[in-house]
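Student: mind looking at a prediction? Sequence and model below.
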Amino acid sequence: MSLASIGYPDRVRKSPDRKPIETEIKLRVESPAKARALLRGHAFKVIEPRVLEQNLVLDDDAGSIRERGMLLRVRGAGKVVTCTFKGIEKPGRHKSREEREFHLDKLEECIAVFAALGFRERFRYEKYRTEFARQGEAGHVTVDETPIGNFMELEGPSRWIDSTAKELGFQRSAYILDSYGRLHEKWCVARGVEPGDMRF
């Protein structure tokens with residue numbers, strides 16, 4: 001049974017050429033507790049409980065995936081392992097790009113297969129994530145606790161993102177389009193720290 005069949009959003013939306021498209025923004029929040037209270041106060045409910053995510057970004061020795069503005073990632077979240085490809089970002093006030101995912105059983109075996117093809121772990125980042133949605137709506141919100149701060153991610157159709165962000169008390173000037181990898185780089189530069197993995 002899918003989330004959509006019980007009134008909660010599917011995570012995949014299609015572009016006119018039938019490619020699955022991810023559209024999202026990040027919003028910085030003071031604390032996870034305040035973010036959760038804010039969402040519950042607006043009738044959002046937990047659809048995926050809090051879990052520690054291990055995100056491994058893969059690339060070849062030349063960094064060709066990143067150089068082209070793409071992403072290859074393997075994520076372990078509890079017992080769920082997900083392999084994700086993200087395409088080139090489309091310009092706009094939201095972060096929008098092709099996203100393709102599939103699930104597998106063994107994280108280490110997946111990493112080994114990619115390594116044999118020349119794609120090895122280049123960056124690892126961790127976060128605790130809790131996912132929220134409102135019944136009958138087209139998008140969802142995550143609360144992400146990271147070593148560099150706390151964020152909400154709003155993912156869904158552009159109009160839904162804008163209306164939901166406004167309802168939650170955020171202006172468009174608060175939208176963050178950077179990836180967690182890029183945010184971590186900026187965090188390290190601001191503190192004079194050598195960039196490495198983003199881990200607790």
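Tutor: On my side now, so go ahead.

Student: isn't residue 200 right next to residue 125, touching?
Tutor: No - contact criterion CB atoms under 8 Å: residue 200 and residue 125 do not qualify, at 10.1 Å. To be clear about C-beta, it is placed using only N, CA and C from the backbone, and glycine gets the same treatment.

Student: tell me which helix or strand the residue nearest the centre of the chain sits in.
Tutor: When CA atoms, centre = their mean is applied to the chain, the residue found nearest the centroid is residue 153 (7.0 Å). Taking DSSP states H and E as the definition, one finds residue 153 inside strand 149-155.

Student: and residue 36, by the same measure?
Tutor: Once you assign secondary structure using DSSP H and E, residue 36 falls within helix 32-41.

Student: angle of that helix against strand 149-155?
Tutor: Orientation check (axes from the mean of the first three to the mean of the last three CA atoms, to 10 degrees): helix 32-41 against strand 149-155 gives 30 degrees.

Student: neighbouring contacts of helix 32-41?
Tutor: Helix 32-41 is contacted from outside by 29, 128, 130, 132, 141, 143, 145, 150, 152, 168, 169, using CB atoms under 8 Å, 6 or more residues apart in numbering.

Student: as TSV, the residues you listed with neighbour count would be great.
Tutor: Converted to TSV, the contacts of helix 32-41 look like this (neighbours: other CB atoms under 10 Å):
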residue	neighbour count
29	21
128	16
130	19
132	21
141	27
143	26
145	19
150	19
152	24
168	19
169	10
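
Student: which of these fall in strands?
Tutor: 29, 128, 130, 132, 141, 143, 145, 150, 152 (DSSP state E).

Student: out of the residues you listed, the closest to residue 187 would be?
Tutor: For the ones in strands among the contacts of helix 32-41, the closest approach to residue 187 (CB to CB) belongs to residue 150, at 13.0 Å.

Student: residues contacting that closest one?
Tutor: Per CB under 8 Å, 6+ apart, neighbours of residue 150: 28, 29, 30, 31, 32, 35, 143, 144.

Student: quick check: buried residues in the lengthiest helix in the chain?
Tutor: Across the chain, the helix with the greatest residue count (assigned by DSSP state H) is helix 180-191. By neighbour count with 16 or more other CB atoms under 10 Å, helix 180-191 contains the buried residues 180, 181, 183, 184, 187.

Student: what is the neighbour count of residue 33?
Tutor: 11 (other CB atoms under 10 Å).

Student: name the helix or strand of this structure that has the lowest mean pLDDT.
Tutor: Least confident helix or strand of the chain, by mean pLDDT, DSSP states H and E, is strand 13-14 with a mean of 60.
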